[in-house]
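Peer 1: Below are the sequence and a predicted model; questions follow.
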Amino acid sequence: MIDLLHGEELGDHHVRERAVVEVVYGSVAIQLTSDAVECSAGTVVTFEPGEHHAVRALTDARLLLVLAPWSKAQQYTEGEPAHAEHLPANAMVDPDQSFETTPD
């Protein structure tokens, strides 16, 4: 969660992962290249890995930020360790069998 007060900004930046931002409450302006878009509560925006953007709070606002790790070893920079499984250490690939299920 990211809380921004009216007028606060997350200046021009990017992340290496795919980013998904939901405006939980309030409103923000999101700047992409030369276009700015006003986003109110309930708006969901996705950013490609490396896509530059900036966010400015038009009112007090709360954002939910979800970062999705990339899956390709080629997206690591030279000298950066690539993980063989390309998943975070705490990710599960197989379903968790510890939960008991009951038939419908």
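Peer 2: Cool, the structure landed.
Peer 1: So what would you say the end-to-end distance of stretch 12-25 is?
Peer 2: With CA to CA, to the nearest Å as the measure, stretch 12-25 spans 22 Å from end to end.
Peer 1: typo on my end, stretch 10-17
Peer 2: End to end - CA to CA - stretch 10-17 spans 17 Å.
Peer 1: what comes up buried for it?
Peer 2: If you call a residue buried by 16 or more other CB atoms under 10 Å, then stretch 10-17 has these buried ones: 10, 17. C-beta coordinates here come from the backbone N, C-alpha and C atoms, glycine included.
Peer 1: How about residues contacting that stretch?
Peer 2: Residues from elsewhere that reach stretch 10-17, judged by CB atoms under 8 Å, 6 or more residues apart in numbering: 2, 4, 31, 47, 49-56, 67-70, 75.
Peer 1: Give me the mean pLDDT for it.
Peer 2: In this model, stretch 10-17 has a mean pLDDT of 86.
Peer 1: Same question for stretch 38-45.
Peer 2: For stretch 38-45, the per-residue pLDDT averages 94.
Peer 1: Could you export it as PDB, CA atoms only?
Peer 2: Coordinates of each C-alpha in stretch 38-45 appear next as PDB, following Å, rounded to 0.1, in the frame of the first residue of the first chain:
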ATOM      1  CA  GLU A  38      -6.600  11.200 -14.000                       C
ATOM      2  CA  CYS A  39      -7.500   8.000 -12.100                       C
ATOM      3  CA  SER A  40     -10.100   7.800  -9.300                       C
ATOM      4  CA  ALA A  41     -10.900   5.100  -6.800                       C
ATOM      5  CA  GLY A  42     -11.400   1.700  -8.500                       C
ATOM      6  CA  THR A  43      -9.100   2.400 -11.400                       C
ATOM      7  CA  VAL A  44      -6.500  -0.300 -12.100                       C
ATOM      8  CA  VAL A  45      -3.500   0.500 -14.300                       C
END
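Peer 1: contact partners of it?
Peer 2: 20-30, 37, 58.
Peer 1: Next: stretch 30-37.
Peer 2: 12, 21, 29, 39, 45, 51-56.
Peer 1: For that stretch, output the C-alpha coordinates as PDB.
Peer 2: C-alpha atoms of stretch 30-37 as PDB (Å, rounded to 0.1, in the frame of the first residue of the first chain):
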ATOM      1  CA  ILE A  30      -0.500   9.200 -13.800                       C
ATOM      2  CA  GLN A  31       2.000  10.500 -16.300                       C
ATOM      3  CA  LEU A  32       3.000   8.200 -19.200                       C
ATOM      4  CA  THR A  33       5.400   9.700 -21.700                       C
ATOM      5  CA  SER A  34       3.600  12.900 -22.700                       C
ATOM      6  CA  ASP A  35       0.100  12.000 -21.600                       C
ATOM      7  CA  ALA A  36      -1.400  12.300 -18.100                       C
ATOM      8  CA  VAL A  37      -4.500  10.400 -17.000                       C
END
